[in-house]
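**Q** pasting the sequence and the predicted coordinates here, then a few questions.
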Amino acid sequence: MEKIRLLKRKFLNKLMLFLSLLAALYGLFWLFWILGVLFFNGFKHLSIELFTQDAGPPGLNIGGLRHAFVGHLIITILSTIIGIPIGLFAGIYYAEYGRNSKFFYVLKNITDVMVSTPSIIMGAVMYALLVIPLKHFNALAGALALAMLMVPVICVTTYEMLILVPFTLREAAYALGAYKWQIIKDIVLRSAKVGILTGIILGVARISGETAPLLFTAFSNNYLSFDIFKPMASLTVTIFNYTMSPYEYWHNQAWAASFCLTFFILILSLIAKFLIHYGNIFKNKR
Amino acid sequence: MFQKSPYIETFTRYFLGFWAVFTGFIFPLIIFLILFYESRLAIQKFGFLQFLTSTSWDPVRESFGALPMIAGTLISTFIAIIIAAPISIGIAIFITELAPSWLKGFVITCVELLAAIPSIIYGMWGFLILAEVMRNKVEPFLQTVLGPIPLIGKLFSGVPTGVDVLTTSLVLSIMIIPFMASVVKDAFNLVPSVMKESAYGLGATKWEVIKDVVIPYTASGIAGGLILSTGRALGETMAVAFLAGNVPQIPKSLLEPFTTITVALANQFTEADTPLYLSSLFYLSLFLFIISFIILILAKLMVLRLEKRWKK
């Protein structure tokens, strides 16, 4: 009797561990299916025209996505320039000044929550703030919506990297009579620079794949445009429109564009992961 | 230089402080106020209860009720969570307890990459590839197997189209697995090894240790992970926009097209031609913002509770 119970326990143990192995395989299965399809279809349809020509008329097998690549780059760079400093400033304050304050503890956690806010909300807010007053879609609204998405991400990672810097380093500098701003500039930021860079890369990776906030802020167009007060095409919105269209040629172009976009983002994420792993000198000492 | 330093000190403090207050307080407040202000017309016209309970979304007759969208959002999120929860816990168990160290890093990286794939790619892949497989293979199969069973069979009635509740929830579940798995994994790592070792010392098997020590100890972390992914799934737009079918109806079976709050926003913001229409869309986004904010705060509190216990 006792033996049967033991066997049953052992069997249950094996079964549940096997199921957890299956769960891991299930996750890998989807990853490789998606990446495989993307690689296969995307690589097949990569061409020179994709990068050198603007959109062709619908239904004809000509044209590329130069306008979308350029537009995407402009919007991403603009939002990065706006988003990074704000996120950095806030993160530094939470870590250096607000660490023992209840008020800033709450604010920091609200920022944490803002990281996961639906991105389409940002689009709606920028639509009210910039598109309605200007009376037409404009790239600036899109860039600002993305910047608003980026600020919490950068802020939270900066905070987490700064609190890893040992307090003794700061105390050593205090003992030499340094001001707090000097400590922040010369000690804290310098020792956490790899971590902060990681946060920035993660922030860029997060926003460069966003579509929803751009749908009704930057909107889209079919020609090369550098005017940020006019509608501007972005890769993601173009992929959306092309996939929804009935034309085979546009589907193929959407695959190629998604291929470029996804692998850009995956490489960014891998770089960030590598930096966290090998760049953070304080991680093991904590 | 020496004289300037105190001024720089004060300036830095207030400058950084302003952006800190901006990020954590003013910024969410601005979002709320703007959405509230823009939705004033719809709030006046429909009020709170009527907007939530009316099922007609008819731009031509200017009658807007959010029930189909809200129901769609809740149903798809709920099914996605049900699929994703056991899988994520399984992945977390595999990573923390089972995998040899070389495999561990690989699986963690893969799960993180799953999270890094942009949602539009999930949508495109779902629309062009998965929907076809679902329409031709999976859904007819499910209908023949589960169709004859009384109550469950009803869930699978209808013509399989591939663009429906089932496919949407499946793709949503794949998208939230990484978030849930990483929160649960982090929680599992917080369990003191002394506790696990004492259970092993009593002769418990690995599964018994997980079931009776690890999971009870990390219950609030697991709940936090569940709620966090709920918040993520609620706000997911692009994948759902491809797969939901965008029909404003409350789905009666898993094989019917439907719509969600985010899909309605994504498709109709550019079409809204009357002030009331636009205002109703802002009302929808306000609603989405408040719901996801509350849910995410709940998740945050759960995770913080676990961390606090760990620090003691």
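**A** Perfect, thanks for sending it.

**Q** OK, contacts around A:Ile48?
**A** Counting by CB atoms under 8 Å, 6 or more residues apart in numbering or on different chains, A:Ile48 touches no other residue. (C-beta placed from N, C-alpha, C; glycine too.)

**Q** I'd like the next helix or strand past the lowest-mean-pLDDT helix or strand in chain A.
**A** Across the helices and strands of chain A, mean pLDDT, DSSP states H and E gives its lowest value to helix A:48-52, namely a mean of 85. The first helix or strand that comes after helix A:48-52 along the chain, using DSSP states H and E, is helix A:66-96.

**Q** quick one: mean pLDDT over that following helix.
**A** For helix A:66-96, the mean pLDDT works out to 93.

**Q** same check, this time on stretch A:7-23
**A** Stretch A:7-23 comes out with an average pLDDT of 92.

**Q** just the buried residues of the least confident helix or strand of chain A, please?
**A** A:Leu50 (16 or more other CB atoms under 10 Å in any protein chain shown).

**Q** ranges for the helices of the stretch 151-300 of chain B?
**A** Secondary structure of the stretch 151-300 of chain B, counting by DSSP state H, counting those that start in this stretch: helices at B:165-189, B:193-201, B:206-209, B:215-217, B:219-235, B:238-243, B:261-268, B:275-311.

**Q** make TSV from these and add mean neighbour count and mean pLDDT to it.
**A** Below are the helices of the stretch 151-300 of chain B laid out as TSV (neighbours: other CB atoms under 10 Å in any protein chain shown; pLDDT from 0 to 100):
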stretch	mean neighbour count	mean pLDDT
helix B:165-189	25	92
helix B:193-201	13	91
helix B:206-209	19	91
helix B:215-217	16	90
helix B:219-235	24	88
helix B:238-243	29	90
helix B:261-268	24	90
helix B:275-311	19	87
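
**Q** quick one, strands of the stretch 1-150 of chain B?
**A** Taking DSSP state E, counting those that start in this stretch to define them, one finds strands in the stretch 1-150 of chain B at B:57-58, B:63-64.

**Q** what strands line up against the first one, and which way round?
**A** Sheet pairing for strand B:57-58, assigned by DSSP bridges, gives strand B:63-64 (antiparallel).

**Q** who touches the strand it pairs with?
**A** In contact with strand B:63-64 (CB under 8 Å, 6+ apart) are residues B:42, B:46, B:51, B:54, B:56-58, B:276-277, B:280, B:283.

**Q** need the contact partners of stretch B:21-37.
**A** Under CB under 8 Å, 6+ apart, the answer for stretch B:21-37 is A:86-87, A:90, A:94, A:104, A:106-108, A:110-111, A:114, A:117, A:121-122, A:124-125, A:128-129, A:148, A:151-152, A:155, B:282, B:285-286, B:289-290, B:293.

**Q** mind putting the helices of the stretch 151-300 of chain B in TSV, distance to chain A included?
**A** Output for the helices of the stretch 151-300 of chain B, formatted as TSV (distance: least, CB to the nearest CB, whole Å):
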stretch	distance to chain A
helix B:165-189	5
helix B:193-201	12
helix B:206-209	4
helix B:215-217	11
helix B:219-235	2
helix B:238-243	5
helix B:261-268	5
helix B:275-311	4
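
**Q** which parts of stretch B:78-92 are buried?
**A** B:79-81, B:83-85, B:87-92.

**Q** give the contact list for the residue most central in space within chain B.
**A** Nearest to the geometric centre of chain B sits B:Ala233, at 1.9 Å (CA atoms, centre = their mean). The contact partners of B:Ala233, taken as CB under 8 Å, 6+ apart, are B:76-77, B:80-81, B:172, B:175-176.

**Q** okay, now the residue nearest to it when sequence neighbours are not counted: neighbour count?
**A** Counting by CB to CB, 6 or more residues apart in numbering or on different chains, B:Ala233 lies nearest to B:Thr77, which is 4.4 Å off, once chain neighbours are set aside. Residues near B:Thr77, counting by other CB atoms under 10 Å in any protein chain shown, number 26.

**Q** how much space between A:Gly195 and A:His277?
**A** Using CB to CB, to the nearest Å, A:Gly195 is found at 12 Å from A:His277.

**Q** so for the two, which residue has more residues nearby?
**A** A:Gly195 (23 against 11).

**Q** hang on, isn't that one packed against A:Leu164?
**A** Yes - using CB atoms under 8 Å, A:Gly195 is in contact with A:Leu164, at 6.9 Å.

**Q** that older thread, out of the strands of the stretch 1-150 of chain B, indicate the one that is most buried.
**A** Between those, strand B:63-64 has the highest mean count of neighbours, a mean of 20, where neighbours are mean count of other CB atoms under 10 Å in any protein chain shown.

**Q** which residues touch the nearest residue to B:Ala116 once chain neighbours are set aside?
**A** Leaving out its chain neighbours, the residue that sits closest to B:Ala116 by CB to CB, 6+ apart is A:Ser269, at 4.1 Å. A:Ser269 is in contact with A:201-202, A:205, B:112-113, B:116, counting by CB under 8 Å, 6+ apart.

**Q** so A:Arg271 sits against A:Ile201, correct?
**A** You called it Arg, but residue A:271 is Ile. Yes - in this structure A:Ile271 lies within contact range of A:Ile201 using CB under 8 Å: 5.9 Å.

**Q** which one's more surrounded, the two?
**A** A:Ile201 (20 against 15).

**Q** give the buried residues for the helix or strand encompassing the more buried one.
**A** Per DSSP H and E: A:Ile201 is located in helix A:193-208. Neighbour counts over helix A:193-208 (16+ other CB under 10 Å) mark A:195-208 as buried.

**Q** among the residues you listed, which ones lie close to chain B?
**A** Applying CB under 8 Å from any CB of the partner chain, the subset of the buried residues of helix A:193-208 adjacent to chain B comprises A:205, A:208.

**Q** state the pLDDT value of A:Lys283.
**A** pLDDT recorded at A:Lys283 is 51.

**Q** oh, that last question was meant for B:Leu103, not what I typed.
**A** 89.

**Q** go on, A:Gly279?
**A** Listed pLDDT for A:Gly279 reads 63.

**Q** which residues touch residue 46?
**A** Reading this off chain A. For A:Leu46, the contact set (CB under 8 Å, 6+ apart) comprises A:256, A:259-260.

**Q** not quite, go with chain B.
**A** B:54, B:64-65, B:280, B:283.

**Q** ok, A:Ala173 next?
**A** A:182-183, A:186-187.

**Q** check which helix or strand it maps to.
**A** Counting by DSSP H and E, A:Ala173 is part of helix A:167-175.

**Q** is chain B contacted by whatever helix or strand comes next after that helix?
**A** Following helix A:167-175 in sequence order, the next helix or strand is helix A:180-183 (DSSP H and E). Yes - Helix A:180-183 comes into contact with chain B (CB under 8 Å from any CB), by way of A:180-182.

**Q** got a quick ChimeraX command for the buried subset of the contacts of stretch B:21-37?
**A** Buried subset of the contacts of stretch B:21-37, written as a ChimeraX selection, criterion 16+ other CB under 10 Å:
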select /A:86,87,90,94,104,107,108,110,111,114,117,121,122,124,125,128,129,148,151,152,155 /B:282,285,286,289,293
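
**Q** where does the prediction get shaky in the stretch 1-150 of chain B?
**A** B:1-3 (pLDDT under 70).

**Q** quick one: the helices in it, in order.
**A** Applying DSSP H, counting those that start in this stretch to the stretch 1-150 of chain B gives helices spanning B:5-21, B:27-38, B:40-46, B:49-53, B:67-93, B:101-116, B:119-125, B:131-133, B:139-146, B:150-155.
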